[in-house]
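1. pasting the sequence and the predicted model now:
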Amino acid sequence: MTTTPVLRLSEHNRAALRQHFLALSPEDLRLRFEHVISESALLRYVDAIDFEADAVFGVFDDKLRLGGVAHLGLRGEVAEFGVSVAPGHRGKGVGTALYRRAYEYSRNHGIDTLFVHCLKENKAMMHIARKAGMEIVLDVAEVEAHLHVPPGDQASYTEELLDDRVGLFDLALKSQFLAARAIVEAMAEAAGTLSHPLQQEERGQSQENEEAA
């Protein structure tokens, strides 16, 4: 079970995915997609994601923005893992949590091999691959890493069920907190607006009293 709440994403999260990828720097995107990618091509990629055929996971922050995203491209018994973590969320185990959730999903859905293809200078992905115990093949500029995935068992099925529920609960809790904070801020702003006319009237009355004296 992952310690960082991870949620499987759906069509309802496509806009949040666009926001996540558009917030990444050109270098971040180059490392993620292994080449320079234009904004139009990036948006085509997001719009083409099939949430039923593949598995996409995300970690939401307190402002309901995606701090990290993992795309598990499923091709029969093989799955390719790709991940991106937004600035401000790095070094906090987000990428590792996303990998563990993708690995868990692979075990429970008949995936035999999990693999990663990335540029050699993608240190974050290399760290995840090494930490996962993947078999790494180095080329001049690129890296391929493979890992045999054992079949799921009762424990892995239970963990996936719990992770799904924790992810949903975490999102609901953050949504409620954000909504409550918005209400409090709106009430404070309204109270401030209402107090201004009274303060102006009091200042005017005070000035009139001073002039009369």
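-> Right, received. Where do you want to start?

2. hmm, which helix or strand of the chain has the shakiest average pLDDT?
-> Lowest mean confidence among the helices and strands of the chain (mean pLDDT, DSSP states H and E): helix 154-212, at a mean of 76.

3. pLDDT below threshold where in this structure?
-> 1-2, 192-213 (pLDDT under 70).

4. show me the helices in it, by range?
-> Per DSSP state H, the chain carries helices over the ranges 14-22, 26-33, 39-48, 94-108, 123-131, 154-212.

5. list the buried residues for the shortest one?
-> Right, the one you point to is helix 26-33. For helix 26-33, burial by neighbour count (16 or more other Cβ atoms under 10 Å) applies to D28, L29, R30, L31, R32, F33. Bear in mind the C-beta positions are built from the backbone N, C-alpha and C, glycine included.

6. name the single longest strand found in the chain.
-> In the chain, assigned by DSSP state E, the strand with the most residues is strand 66-75.

7. between that strand and helix 39-48, how many degrees?
-> With axes from the mean of the first three to the mean of the last three Cα atoms, to 10 degrees defining the directions, strand 66-75 sits at 70 degrees from helix 39-48.

8. which other helices and strands contact strand 66-75?
-> helix 14-22, strand 55-60, strand 78-85, helix 94-108 (3 or more Cβ pairs under 8 Å, 6 or more residues apart in numbering; DSSP states H and E).

9. pull the residues that contact the second one.
-> Spelled out, that is strand 55-60. Strand 55-60 is contacted by residues 4-9, 13, 16-17, 20, 49, 66-72, 74, 79, 89, 94, 97-98, 101-102, 105, 109, 170-171, 174 when judged by Cβ atoms under 8 Å, 6 or more residues apart in numbering.
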